[in-house]
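pasting the sequence and the predicted coordinates here, then a few questions.
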Amino acid sequence: MEIQWYPGHMAKAKRMMQEDVRLVDLVIEILDARLPLSSRNPDIDELGKNKQRLIILNKADLADEAVTAGWKKWFEANGCFAVTADARVRGNVRNSYQVIEKICREKTERDRKRGILNRPVRAMVAGIPNVGKSTWINSYVGRASAKTGNKPGVTKGKQWIRLGNNLELLDTPGILWPKFQDPEAGLKLALVGTINDDILEEQTLAVQLLRFLNRNYPGRVEERYGVGAGKTSAAANPEENDEHYRGEYQLLNEVAVSRGALKKGGEGDLSRAASLLLDDFRSGRLGRISLEKAPGSSE
């Protein structure tokens, strides 16, 4: 499955960030805790060279807790500060305060030794669309300073937010990279809703999700819908072909029937079932699920 999505405003946003990163001391990168690697923009790694780095594993309340702990260790082992967050709840961003205050203190002390006084730490907040970047900023600041929405790409321009005398935050538009080198990354981003649903085929996503769940979280579908205990097709490395996903389509039909999503004549409505399944996954009603594990992690 090849998924490409790079609106024109994202190219402009990238150029803007390349100019602005020279003004900041710290790059705060907001990631989706369910897929930290796939929700990282490699451009931000390049932009953030020689800067302090803080990774926010957002939406941690939706992710597998043990898997997220593995990611936190991995980022810290690779030279970044890392914290978890549910940005919708202000109290759940407090662990970010401690790390940012530590960075501010260190920066203020270095400036003082160089004779520079009262210069705030400037931090760029970056992340791909729909990872909760603006929501995290608003929770951290304690007021609605950044625009939020449930669709990707709400933030179109940059804005500076002053926090007392010690810190300034630069909110930047969310950007994806022009081409996904790993098609699996595009699929995972589509599953969590980073890419607009109206340019994707939900049934295809739903059967991919069913295969992943049956292999990695067996029993979740049965617990939620009362159908299809461990049912999946046997193909090891299928191409995008309905025949290879026969078991998943059958299971999706069972989900439709179990939820009363029926067409005339009693046949399961796969489109409605796909939408329902994806919504249950994205909202956490299927339980805490992570789509990828940290390199070298046994969890």
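Yes, it's here.

hey, let's count contacts and neighbours off CA atoms from now on
Will do.

state the mean pLDDT of the longest helix along the chain.
Looking across the chain with DSSP state H, the single longest helix is helix 94-113. For helix 94-113, mean pLDDT rounds to 82.

could you check that helix and say which residues are buried?
Within helix 94-113, the residues scored as buried using 16 or more other CA atoms under 10 Å are 94, 96, 100, 103-104, 107-108.

quick check: the two most widely separated of those?
Pairwise distances across the buried residues of helix 94-113 (CA to CA) peak at 21.1 Å, for the pair R94 and T108.

so how far is stretch 40-55 off the chain centroid?
In terms of CA atoms, centre = their mean, to the nearest Å, the centre of stretch 40-55 is found 16 Å from the chain centre.

list the contacts of that stretch.
Contacting residues not belonging to stretch 40-55 are listed as 17-18, 21, 24-31, 75, 79-83, 126-128, 175-177 [CA atoms under 8 Å, 6 or more residues apart in numbering].

mind running it again at 7 Å?
For stretch 40-55, the surrounding residues in contact (CA atoms under 7 Å, 6 or more residues apart in numbering) are 18, 21, 25-31, 80-83, 128, 176-177.

could I get the CA-only coordinates of it as CSV?
Extracted C-alpha coordinates of stretch 40-55, given in CSV (Å, rounded to 0.1, in the frame of the first residue of the first chain):
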residue,chain,number,x,y,z
ARG,A,40,8.9,11.2,13.5
ASN,A,41,9.7,13.5,10.6
PRO,A,42,13.4,12.8,9.6
ASP,A,43,13.6,16.4,8.5
ILE,A,44,13.3,17.4,12.2
ASP,A,45,16.3,15.3,13.1
GLU,A,46,18.3,17.3,10.6
LEU,A,47,16.9,20.6,11.7
GLY,A,48,17.5,19.9,15.3
LYS,A,49,21.2,19.1,15.0
ASN,A,50,23.3,20.6,17.9
LYS,A,51,20.2,21.6,19.8
GLN,A,52,18.8,20.2,23.0
ARG,A,53,16.1,17.7,22.2
LEU,A,54,12.9,16.8,24.2
ILE,A,55,10.7,14.0,22.9
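
output the buried residues of helix 94-113 in TSV; the columns should cover distance to A274.
Putting those into TSV (distance: CA to CA, whole Å) gives the following:
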residue	distance to A274
R94	37
S96	36
I100	41
I103	45
C104	47
K107	50
T108	52
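
show me which of the residues you listed is closest to L117.
Within the buried residues of helix 94-113, distances to L117 taken as CA to CA reach their minimum at T108, with 7.7 Å.

hang on, the earlier thing: contact partners of the longest helix of the chain?
Contact with helix 94-113 is made by 83, 117, 121, 166, as judged by CA under 7 Å, 6+ apart.

flag the shaky bits of the chain, pLDDT-wise.
In the prediction, the chain carries residues with pLDDT under 70 at positions 1-14, 143-158, 176-181, 196-200, 229-243, 298-299.

hmm, 50 instead?
3, 5-6, 147-156, 230-241 (pLDDT under 50).

hmm, what's the outermost residue in it?
The C-alpha centroid of the chain is most remote from G115, which lies 40.8 Å away (CA atoms, centre = their mean).

which element is that one on?
Using DSSP states H and E, G115 sits within no helix or strand.

over to R162: give its phi and psi.
Backbone geometry at R162, expressed as degrees, to the nearest 10, gives phi -90, psi 130.

so it bridges to which residues?
Note on R162: beta-bridge partners E168, judged by DSSP bridges.

measure it to L117 for me?
Distance from R162 to L117, counting by CA to CA, to the nearest Å: 17 Å.

which strand or helix spans K188?
Here K188 sits within helix 183-192, counting by DSSP H and E.

actually, G296.
Using DSSP H and E, G296 sits within no helix or strand.

and if you look at L170?
In the assignment (DSSP H and E), L170 maps to strand 167-171.

who does that strand touch, helix- and strand-wise?
In terms of contacts (3 or more CA pairs under 7 Å, 6 or more residues apart in numbering; DSSP states H and E), strand 167-171 is packed against strand 121-126, strand 159-163.

output that strand as CSV, restricted to C-alpha atoms.
Output of strand 167-171 as CSV, limited to C-alpha atoms (Å, rounded to 0.1, in the frame of the first residue of the first chain):
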residue,chain,number,x,y,z
LEU,A,167,10.8,30.6,28.1
GLU,A,168,9.4,31.3,24.7
LEU,A,169,7.7,28.6,22.7
LEU,A,170,7.5,28.7,18.9
ASP,A,171,4.5,26.8,17.5
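
using the three-state scheme, assign F75.
Three-state assignment for F75 (DSSP: H, G, I helix; E, B strand; the rest coil): helix.
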